[in-house]
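output the structure for:
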Amino acid sequence: MKSSQLKIFFLMLLLAAAVPLFADELPAGLQTVADKVEGVFKGPLIRTILVCCLAGCGVAYGFNKDNEKMKRNVIAIGIGIIIVGAATEIVRLIFSASGGGNV
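Reported below is the predicted structural model:
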C-alpha cells in the first residue's frame with residue numbers, strides 16, 4: 001500500500017470508530033466498555049504515574065536547562081502529561097460548550 005492509501009484507510013477506520021459517538025446514546029455494550037476505559041484513565045494508579053512523570057520532567061528541565069534539544073523534549077512531554085491528565089475535563093468542557101449536554 002502506498003502511504004497516501006494507508007492514510008486514507010486509517011482515516012476511514014477512525015471515522016467508522018467515531019460513528020457511535022455522534023449517536024444520542026451509546027449501545028449498552030459500548031457504554032460499559034466506554035465507562036471501563038474512562039475508569040482506567042481516571043484511576044488513582046494512572047494519576048500517580050502521571051504525577052511522577054511530571055515531577056521527572058521538572059527535574060530533567062532543571063538539570064538540562066542549557067541543552068535546548070532536551071528542553072524541547074521535556075516541555076513536549078510535560079504538555080502531553082497535562083493533556084492526558086485533564087482529558088476528561090477538556091472533553092466535558094467541549095461538549096458542554098457545544099450544547100452537547102452533560103457527558
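
where does the most centrally placed residue in the chain sit, in terms of helix or strand?
Geometric centre of the chain, nearest residue: residue 84, 4.5 Å, by Cα atoms, centre = their mean. Assigned by DSSP states H and E, residue 84 belongs to helix 68-85.

remind me what the helix or strand that that helix is followed by packs against, helices and strands.
Proceeding C-terminally, helix 68-85 gives way to helix 87-97 as the next helix or strand, assigned by DSSP H and E. Contact analysis of helix 87-97 by 3 or more Cβ pairs under 8 Å, 6 or more residues apart in numbering; DSSP states H and E lists helix 28-42 as its packing neighbours. For the C-beta atoms, the positions are set from N, CA and C on the backbone; glycine is no exception.

in the following helix or strand past the helix it packs on, what's buried?
Once the chain leaves helix 28-42, the next helix or strand it forms, by DSSP H and E, is helix 44-63. Of the residues in helix 44-63, 50, 53, 57, 60, 61 count as buried by neighbour count, 16 or more other Cβ atoms under 10 Å.

nearest to residue 29 among the residues you listed?
The closest of those to residue 29 turns out to be residue 50 (Cβ to Cβ; 29.1 Å).

and the host helix or strand of residue 8, how far from the chain's centre?
According to DSSP H and E, residue 8 maps onto helix 3-18. Centroid separation for helix 3-18 versus its chain: 19 Å, with Cα atoms, centre = their mean, to the nearest Å.

ditto for stretch 84-95
Offset of stretch 84-95 from its chain centre (Cα atoms, centre = their mean): 9 Å.

extract the CA atoms of that stretch and return them as CSV.
Provided in CSV are the C-alpha atoms of stretch 84-95 (Å, rounded to 0.1, in the frame of the first residue of the first chain):
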residue,chain,number,x,y,z
VAL,A,84,-3.7,13.2,29.4
GLY,A,85,-4.4,14.1,33.0
ALA,A,86,-7.0,16.7,32.1
ALA,A,87,-8.5,14.9,29.1
THR,A,88,-11.8,14.1,30.8
GLU,A,89,-12.4,17.7,31.9
ILE,A,90,-11.4,19.0,28.4
VAL,A,91,-13.9,16.8,26.7
ARG,A,92,-16.6,17.6,29.2
LEU,A,93,-16.0,21.4,28.6
ILE,A,94,-16.0,21.0,24.9
PHE,A,95,-19.3,19.1,24.9
